[in-house]
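1. A predicted structure for the sequence below; I have some questions about it.
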Amino acid sequence: MMELPRFMVCHMLEEAPEGHQFSNWPLHLTVIPWFRVEEEALPSTLLAIEETAKRVGSFAVRTKGNAWYGPKDDVPVTEVEDTTSRLAKLHHGLLQSIQDGGGTVIDLTYTGANYSPHVSLTEDSRGLQPGQVLELSNITVVEKRQREVEDKQVVKVVSLI
């Protein structure tokens, strides 16, 4: 049985247009972690993501301090403060939209009430300073194209405006 494609929703801090391919993650804020969806359900899932995003609209968040995340506390991140609760609203709305459309989030550990927004540092240790304001005017749907390698592609950039 063939494995379903994997997708993630994030806010890219560096420009990444539709079709952009990459191996190493640029600075990004994860909104929904990896999920699977049937290929024939992808168009309706993308539409649901777009509709949810439009309802929430654009907003700003502020970076807090640096921390270590991951199962072994070995992933350096900059935590994000959701002062308006709109990021949480976006996260919960997208999570519901994806699940209602038949999508399956691969690991629900850090979703819902356990969602802790953060920006992971890049492989060359680029990150953000505490107190920086991030304007979220769009979100990006990324597909992990092959299981064996970290080959990813931007599937859709969704405006929050």
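-> Noted; the coordinates are in hand. All values reported here derive from a predicted model rather than from experimental measurement.

2. Give the bridge partners for the most centrally placed residue in the chain, please.
-> Among the residues of the chain, the one closest to the centroid is Cys10, at 2.2 Å (Cα atoms, centre = their mean). Counting by DSSP bridges, Cys10 forms beta bridges with Thr30, Thr140.

3. so it touches Val142, yeah?
-> Yes: using Cβ atoms under 8 Å, Cys10 makes contact with Val142 at a distance of 6.4 Å. Every C-beta, even on glycine, is put in place using the N, C-alpha and C of the backbone.

4. before we move on, the earlier item: now do the same contact list for the residue nearest to the centre of the chain.
-> Under the criterion of Cβ atoms under 8 Å, 6 or more residues apart in numbering, the neighbours of Cys10 are 28-32, 139-140, 142.

5. so where is the protein shaky, pLDDT-wise?
-> 1-2, 146-149 (pLDDT under 70).

6. which element is Trp34 on?
-> strand 28-36 (DSSP states H and E).

7. Not counting stretch 20-32 itself, show me its contacts.
-> For stretch 20-32, the surrounding residues in contact (Cβ under 8 Å, 6+ apart) are 8-14, 16, 61, 80, 87, 90-91, 94-95, 98, 105, 111, 117-123, 126-128, 134, 136, 139-140, 145, 149-154.

8. same deal with stretch 100-107?
-> Taking Cβ under 8 Å, 6+ apart as the rule, stretch 100-107 contacts 6-7, 32-38, 41, 44-45, 48, 95, 98-99, 111.

9. what's the span of it from first residue to last?
-> One end of stretch 100-107 to the other measures 17 Å (Cα to Cα, to the nearest Å).

10. which parts of the longest strand anywhere in the chain are buried?
-> Across the chain, the strand with the greatest residue count (assigned by DSSP state E) is strand 59-69. For strand 59-69, the buried set under the neighbour-count rule, 16 or more other Cβ atoms under 10 Å, comprises 59, 61, 63-64, 66.
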